[in-house]
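> 3D model of this:
(2 chains)
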Amino acid sequence: NAGVTQTPKFQVLKTGQSMTLQCAQDMNHEYMSWYRQDPGMGLRLIHYSVGAGITDQGEVPNGYNVSRSTTEDFPLRLLSAAPSQTSVYFCASRRTPGANTGELFFGEGSRLTVL
Amino acid sequence: GENVEQHPSTLSVQEGDSAVIKCTYSDSASNYFPWYKQELGKRPQLIIDIRSNVGEKKDQRIAVTLNKTAKHFSLHITETQPEDSAVYFCAAGGGADGLTFGKGTHLIIQP
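Got it, this is the predicted structure:
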């Protein structure tokens, strides 16, 4: 199994551009999520999904869209990039939706810079 | 929503000594408390977790304690080694909306 795969690993955007961060998992996990990591801020939840066709907002959803058309894929879209979205983005998945059901598996991260 | 406070932000210990990282949480409904380790440039990985029906859990040199009344939980690392140097994150959660993470502790092991 490849686990959780994110692409691209690095991306530079100009303010106002749009882009999609891809996330795929091959573990048949129901729960998928996106976090952003900023220095001194820990990991903050952007959006999450408890199954195909279901998405919900996390702590910092503004400026981001998600969709979950399949169990495997959970792309994160930046509609109009802003410098405040410069961050490292992690996709993570878990076997079942409940937070107390075990390990969250992270992708390798995507480093995004918005100029 | 849940709020998780983590202290200290940086911890430097001599190799072989013990390290303790502490977290508090605000939501009494939280019932799952994992700890993740993140090495420089790598992804976070689970090292140990505890559920609210347990007060303490140990795995070799790592232990976690939970005080539900005080809403505190702590990570204890004994006999620290150079490979323990990393950023450690605590987290708290209980429902389908996921985990809330602390801001992290940078653990430095001095030779």
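
> low-confidence regions, the chain specifically.
This is for chain A. Screening chain A residue by residue with the criterion pLDDT under 70, one finds the ranges A:98-101.

> was after chain B, sorry
Flagging of chain B using pLDDT under 70 yields the residue ranges B:95-97.

> let me see the ranges of the strands in it.
Listed from the start of the chain, chain B has strands (DSSP state E) covering B:4-7, B:10-14, B:19-25, B:32-38, B:45-51, B:56-59, B:62-67, B:72-77, B:86-92, B:100-101, B:105-110.

> ok, and for stretch B:54-64, which residues are buried?
When neighbours are counted by 16 or more other C-beta atoms under 10 Å in any protein chain shown, the buried residues of stretch B:54-64 are found to be B:Ile62, B:Ala63, B:Val64. C-beta here means a position set from N, CA and C on the backbone, and glycine is covered the same way.

> surely B:Lys68 is in contact with B:Ser52?
Yes. The criterion here is C-beta atoms under 8 Å, and B:Lys68 meets it with B:Ser52 at 5.7 Å.

> now residue 41, what are its backbone angles?
Just so you know, I chose chain A. Main-chain torsions, A:Met41, degrees, to the nearest 10: phi -110, psi 0.

> my bad, chain B
According to degrees, to the nearest 10, B:Gly41 has phi 80, psi 10.

> against chain A, how distant is it?
Separation of B:Gly41 from chain A (C-beta to the nearest C-beta, to the nearest Å): 9 Å.
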